[in-house]
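Student: quick one, what's the 3D model for this:
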Amino acid sequence: MSDTKVKVAVRVRPMNRREIELNTKCVVDMEDNQTVLHPPPSNAKGENR
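Tutor: Got it, this is the predicted structure:
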């Protein structure tokens, strides 16, 4: 096994006006140094917009 380390950078931008008007749910939250991923709403699966 290798001792290779992987660093991942995550940047979460604020929602834009259109996303807010559409009541879009954020699926990524940042809590201190931790990234929390939330499952997307069930109605978003397979949706191509």
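Student: give the partner strands of the worst-scoring helix or strand of the chain on mean pLDDT in its sheet and their orientations.
Tutor: Least confident helix or strand, the chain: strand 28-31 with a mean of 86, by mean pLDDT, DSSP states H and E. Strand 28-31 has the following strand partners under DSSP bridges: strand 34-37 (antiparallel).
Student: what's next to the partner strand, contact-wise?
Tutor: Strand 34-37 is contacted from outside by 10, 27-30, using C-beta atoms under 8 Å, 6 or more residues apart in numbering. (Glycine included, C-beta is placed from N, CA and C.)
Student: Tyr27: neighbour count?
Tutor: Just so we're on the same page, residue 27 is Val rather than Tyr. 13 (other C-beta atoms under 10 Å).
Student: hang on, it packs against Val12?
Tutor: No - here Val27 does not reach Val12: they are 9.8 Å apart, not a contact under C-beta atoms under 8 Å.
Student: and the contacts of stretch 5-12?
Tutor: With contact meaning C-beta under 8 Å, 6+ apart, stretch 5-12 is reached by 26, 28-30, 35.
Student: one more time with 6 Å, if that's ok
Tutor: Residues from elsewhere that reach stretch 5-12 (C-beta atoms under 6 Å, 6 or more residues apart in numbering): 28, 30, 35.
Student: please convert those to JSON lines, extending it with distance to Ser2.
Tutor: Listed next are these as JSON lines, based on distance: C-beta to C-beta, whole Å:
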{"residue": "Val28", "distance to Ser2": "29"}
{"residue": "Met30", "distance to Ser2": "29"}
{"residue": "Thr35", "distance to Ser2": "24"}
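Student: what is the nearest of the residues you listed to Ser42?
Tutor: Nearest to Ser42 among those: Val28, at 17.7 Å, using C-beta to C-beta.
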